[in-house]
Structures are given as C-alpha cells and as structure tokens.
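Enquirer: sequence plus the predicted model coming up.
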Amino acid sequence: MIKSEDMNKKNYMYLYCVNCEEEGIYFIDDMEQDCFIKCNNCSKEIADVWCEDCGMGGPFVENLENKPHSWKCPDCNRGYSLSDDFYSNPFTLYRGNQVPKEIIESIDKRFKKKKKGLFGLLKRK
C-alpha cells in the first residue's frame, strides 16, 4: 500500500531493484534531489543521486552499506557531499503490484507513445 504522503508528491521516478529483479517507482517532488531509497518488498537500500555538471543521475554512491557522506560522479569525476540527514528518511520504492492501477495505466499510456516498455512494472501480479 502506498503511503498517503507519497501520493501527495508531484512526480515519480523509475528505479530497478537488483534484489527483486523488477522495476518500481518512488514518489518525489524535486526530480534532481539526491535520494536514499528502500525497496518496499526486500528492503534493499539504493542511493539515486544527480550530477549537476554533466546532468547524469543514478546509483553512484559506492559502499552504500557504510553510509558514506560523499560520492563521485563516474562520468566527470566531480565529488559531492551528501546532506547530514540523507539516510534518515528513506524514500520507498514500490513495485508494480503495489502501485495503484490508475498510476500504472498513466505510465503505460506515456510509454506507449514513446514505444518503450517498463520491464516488470507493468506486469501486475
């Protein structure tokens, strides 16, 4: 079940959970915000960060299990600090079967226009 505070956020992002081998979504207001995310299914922790210089985003925080306070962009090598509270309020990654049908249908329509698919997200169980 999606938390009500997540449903009030403006945007959602797609992210693949390597443990579940399935894509999911998390809800966010600022699309360029650095995020600490926890999978709602398996509790896998993921950091999704954004490089301001090259515009590249992804799971670039190395040794996440040690809760580092910085990361380096793999493309341009610029170093970034993570906020002191980065790990304190994780975002929740929801898998396809946890996402309301109307959100899945909205995503499906957008991706059909682009002729792309969403891996496991659209395969409702």
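Expert: Okay, I see it. What you see is a predicted model, and the numbers here were worked out from it, not measured in a lab.

Enquirer: let me see the confidence value for the spatially most central residue of the chain.
Expert: Most central in the chain under CA atoms, centre = their mean is Leu15, positioned 4.4 Å from the mean C-alpha point. At Leu15, the predicted lDDT confidence score is 88.

Enquirer: hang on, Ile104 in a strand?
Expert: No: under the criterion used here (DSSP: H, G, I helix; E, B strand; the rest coil), Ile104 is helix, not part of a strand.

Enquirer: against Phe60, how distant is the closest residue to the residue nearest to the centre of the chain other than its chain neighbours?
Expert: Beyond its immediate neighbours in the sequence, the residue positioned closest to Leu15 (CB to CB, 6 or more residues apart in numbering) is Leu93, lying 5.6 Å away. C-beta here means a position set from N, CA and C on the backbone, and glycine is covered the same way. Computed as CB to CB, to the nearest Å, the Leu93 to Phe60 distance reads 17 Å.

Enquirer: the two: who's more crowded?
Expert: Counting neighbours by other CB atoms under 10 Å for Leu93 and for Phe60 shows that Leu93 has the greater number, 30 against 19.

Enquirer: sec struct for that one, please.
Expert: If you use three-state DSSP, then Leu93 falls in the strand class.

Enquirer: beta-bridge partners for it, please?
Expert: The residues paired with Leu93 through beta bridges, assigned by DSSP bridges, are Cys39.

Enquirer: just use 46 as the starting number from now, easier for me
Expert: New numbering, starting at 46: the last item is Leu138.
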